[in-house]
Structure formats: C-alpha cells, structure tokens
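Enquirer: structure of the sequence below:
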Amino acid sequence: MEPKTVESSEPVAFASNDAPQPVVASVSVDTAIEQVKSLAPEGAGAGVMIAGAAVLAVVGAAIKLGPKVLEANSAKAEKAHEIEMEKLRLEREKSEKGDDQHKQCNAARIALEAKLSAVEAKLNDVQSKSESSLSLDGFDPEDLEKRLKKLEGKLRGPGRPPKEKK
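Expert: Residues are numbered from 1 along each chain as shown. Sure thing, here's the model as predicted:
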C-alpha cells in the first residue's frame, strides 16, 4: 500500500497563538458505527467493521479518559514525592538527634578521661613517694631488737626481771 498525499491550495488557519488547540470529541456509539461503515471499503467483511469499531472505541476512550488518567498519574507522583520528602525529613531529624547525643556522650567521655588522668597522676605520685620512703636499704634487724629490749627494760622499771618468752 502506498501512502496517499493530499494537496490543497487553501491556507490553513491556526488560532491566534499559532498553536494547535486540543481536540475534544464527543461521539455516540451510533455515530461511530456509521463512521466506520463509511470508512470501510465496499464489500468489506464484518471483521474489518469490528476492527474499525474497536479502534474508534479505544480512541474515544483515550480522548475521554486521557485527562483523568493524567490527573491520577500526577496525583500519584505528587504523593510519592511527598512520602519521599517526609522520609528525608525524618532521617534528617534522626541524624540531628544522633549528633546531639554524640555530642553529649563525647563531652561526658572527655570529662571522664580528664578525671582518670588526674587519678593516674595521683597514683603515680603516691607510688613514687612510697617507693622512696619504704625502702629497706640500711635496715638492721639486730639494731631494732636492741632498741626494743632497751625500751622494754625502761617500761618495767628497775629491779623487775624480764619476762620469759614462751
């Protein structure tokens, strides 16, 4: 089949803004059947008639339901966008709360580390003092025993015999 071309010497008039306007069609079923019969070649069978009627029905439904479908799709897309924005807002709030909690925890951790280092410094100071004062260098147990006996003798007084050890 070869495409048909139509030549016309009549000028085509557009609306004032030179843009084609949308076509709004209102076709009844009887009119559609008549149009299909007029378009079908003579002697065409019922199959061609049914196919033509089906095409017209689909085109009519598309014209009639097109705006509603577009509205439904745009409403669905808008709702999905709102849900996504709400998720993002909640995630942002959650991360901000988490940051606040981390800041509080970090502050408490720093305070505890400062206290711990102060305690460690005191412990090191005490250890260094105890090591120097409790050294056993120069310890003479015999000298200590002599001094103890001398003190016991002074406590007993003159003329008392020393106690015996058991």
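
Enquirer: and the helix or strand containing A121, what does it pack against?
Expert: A121 belongs to helix 46-133 when assigned by DSSP states H and E. Contact here means 3 or more CB pairs under 8 Å, 6 or more residues apart in numbering; DSSP states H and E; on that basis helix 46-133 packs against helix 29-39. C-beta here means a position set from N, CA and C on the backbone, and glycine is covered the same way.

Enquirer: where does the prediction get shaky in the protein?
Expert: Residue ranges of the chain with pLDDT under 70: 1-30, 32-33, 35-37, 39-49, 131-137, 158-166.

Enquirer: if I look at A121, how far off is S38?
Expert: 106 Å (CB to CB, to the nearest Å).

Enquirer: ditto for V59
Expert: Distance from V59 to S38, by CB to CB: 16 Å.

Enquirer: and for K129?
Expert: 118 Å.

Enquirer: before we move on, what about A57?
Expert: On the measure of CB to CB, A57 and S38 end up 16 Å apart.

Enquirer: so which of V59 and S38 has more stuff around it?
Expert: V59 (13 against 8; other CB atoms under 10 Å).

Enquirer: what's the burial count for A75?
Expert: There are 10 residues near A75, going by other CB under 10 Å.

Enquirer: for the one 4 residues further on, same thing?
Expert: Other residues within reach of K79, judged by other CB under 10 Å, total 10.

Enquirer: now G52
Expert: 19.

Enquirer: any idea how far it is from V59?
Expert: Taking CB to CB, one finds G52 at 11 Å from V59.

Enquirer: next: A108.
Expert: Counting by CB to CB, the gap from A108 to V59 is 72 Å.

Enquirer: ok, now E152?
Expert: 129 Å.

Enquirer: and what of E91?
Expert: With CB to CB as the criterion, E91 and V59 are 46 Å apart.

Enquirer: before we move on, what about L70?
Expert: Taking CB to CB, one finds L70 at 16 Å from V59.

Enquirer: likewise R147?
Expert: Counting by CB to CB, the gap from R147 to V59 is 126 Å.

Enquirer: same check, this time on G138
Expert: For G138, the distance to V59 (CB to CB) stands at 118 Å.

Enquirer: over to E120?
Expert: 87 Å.

Enquirer: same thing with A118?
Expert: 87 Å.

Enquirer: K79 too?
Expert: Separation of K79 from V59 (CB to CB): 30 Å.

Enquirer: just the element for G138, please.
Expert: Per DSSP H and E, there is no helix or strand for G138.
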